[in-house]
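J.: Task: produce atomic coordinates for the following.
(2 chains)
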Amino acid sequence: MHLLYFAWVRERIGLDAEALAPPATVTTVADLLDWLGRRSAGHAEAFADRTRLRVAVDQIFADMSTPVASAREIAIFPPVTGG
Amino acid sequence: MIGLRVQAEDFNLAAEVDRLRAGRADIGAIVTFTGLVRDMADGAPLTAMTLEHYPGMVERQLAAICAEAEARWPLQGGTVIHRFGRLTPGDQIVLVATASAHRQAAFEAAMFIMDWLKTRAPFWKLEERGGDRHWVDARTSDDAAARRWRDPSAPGITRR
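T.: Predicted coordinates:
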């Protein structure tokens, strides 16, 4: 699974991407954030307030209950601010 | 068909409008919106603004937003250009141009595309104010502006 991080999520984690294989117990976006949050202090800080996060699974906006088991690319980022 | 570009380079409004109307006489109205970097942010002088984006998803989202506009209004063409990278006050950020036989569809579609782009296209703004850097927070007013287009009485809905 290819993880992508943008904006302050990227800065807090200190990585713009990482390739990881979560365990089978990680089935939803919420599970994935729980699991990723244990990887480092930066991950924990970045994912502490989920109301400030948006997630895209294979480039489509997802919510906390979206399945992730067959996803190739999951991006985690703040609410968008373009335009 | 609305043309989409996500690029670091600047754009030329007049050239884009000329491109839209070249060789055709069926267009009655072209509406353009240009978003610029202001020199003040929340009362403090702004030094620079960096636009970060999610390559791949951003093109996909813009295509979906434009397809929705084309389904709702009788458009004869259009252009959406969004820049990324480090910009300074006065620089152009985004262009939306819509062409139609009549002005109402062109005005409404341009507003719709901007409102949806601001809440659904994966771009993020980093402001520099002197030595400070600050990620811009999403505005609830932008969410409200995008949401009103979902209303059954919203412009364009009945044309589906």
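J.: mind listing what residue 76 touches?
T.: By default, I'm working from chain A. For A:Ile76, the contact set (CB atoms under 8 Å, 6 or more residues apart in numbering or on different chains) comprises A:3-6, A:9, A:33, A:36, A:46-47, A:53-55. C-beta coordinates here come from the backbone N, C-alpha and C atoms, glycine included.
J.: should've been chain B
T.: Shown here is B:Gln76, whose contacts under the criterion CB under 8 Å, 6+ apart are B:24, B:26-27, B:99-101.
J.: Grab the longest helix from the chain for me.
T.: Chain wasn't specified; assuming chain A. helix A:29-37 (DSSP state H).
J.: meant chain B, my bad for not saying
T.: With DSSP H as the criterion, chain B gives helix B:103-120 as its longest helix.
J.: That helix: how far from the chain's middle?
T.: 8 Å (CA atoms, centre = their mean, to the nearest Å).
J.: Then stretch B:55-74?
T.: Between the mean C-alpha location of stretch B:55-74 and the chain-wide mean there is a distance of 11 Å, by CA atoms, centre = their mean.
J.: buried sites along it?
T.: By neighbour count with 16 or more other CB atoms under 10 Å in any protein chain shown, stretch B:55-74 contains the buried residues B:57-59, B:61-62, B:65-66, B:68-70, B:72-73.
J.: Going by distance to chain A, which of those wins?
T.: B:Met57 (4.0 Å; CB to the nearest CB).
J.: Give me the sheet partners of the helix or strand of chain B with the lowest mean pLDDT and which way each runs.
T.: Lowest by mean pLDDT, DSSP states H and E among the helices and strands of chain B is strand B:40-41, with a mean of 86. In its sheet, strand B:40-41 lies beside strand B:44-45 (antiparallel), with partners assigned from DSSP bridges.
J.: The helix or strand following the strand it pairs with - what's its average pLDDT?
T.: Sequence-wise, the next helix or strand downstream of strand B:44-45 (DSSP states H and E) is strand B:48-53. Confidence over strand B:48-53, taken as the mean pLDDT, stands at 98.
J.: next one: stretch B:102-119
T.: The predicted confidence, averaged over stretch B:102-119, sits at 97.
J.: If you count neighbours, what's buried in it?
T.: Using 16+ other CB under 10 Å as the test for burial, stretch B:102-119 gives B:105-119.
J.: if you skip the residues just before and after it, what's nearest to whatever residue of chain A ends up closest to chain B?
T.: Using CB to the nearest CB, the closest approach of chain A to chain B is made by A:Gly82 at 2.7 Å. On the basis of CB to CB, 6 or more residues apart in numbering or on different chains, the spatially nearest residue to A:Gly82 that is not a chain neighbour turns out to be B:Phe123, at 2.7 Å.
J.: is it true that that neighbour touches B:Arg83?
T.: No. When contacts are counted by CB atoms under 8 Å, B:Phe123 is not listed as touching B:Arg83 (9.4 Å).
J.: got any residues that touch both of the two?
T.: With contacts taken as CB under 8 Å, 6+ apart, B:Phe123 and B:Arg83 have B:Leu51 as neighbours in common.
J.: Enumerate every residue touching the residue nearest in space to the middle of chain B.
T.: Within chain B, one residue has its C-alpha closest to the average C-alpha position: by CA atoms, centre = their mean, that is B:Met114, at 4.2 Å. By CB under 8 Å, 6+ apart, B:Met114 lies in contact with A:83, B:33, B:35, B:94, B:96.
J.: quick one: it from B:Gln7, how far?
T.: Relative to B:Gln7, B:Met114 is positioned 18 Å away (CB to CB, to the nearest Å).
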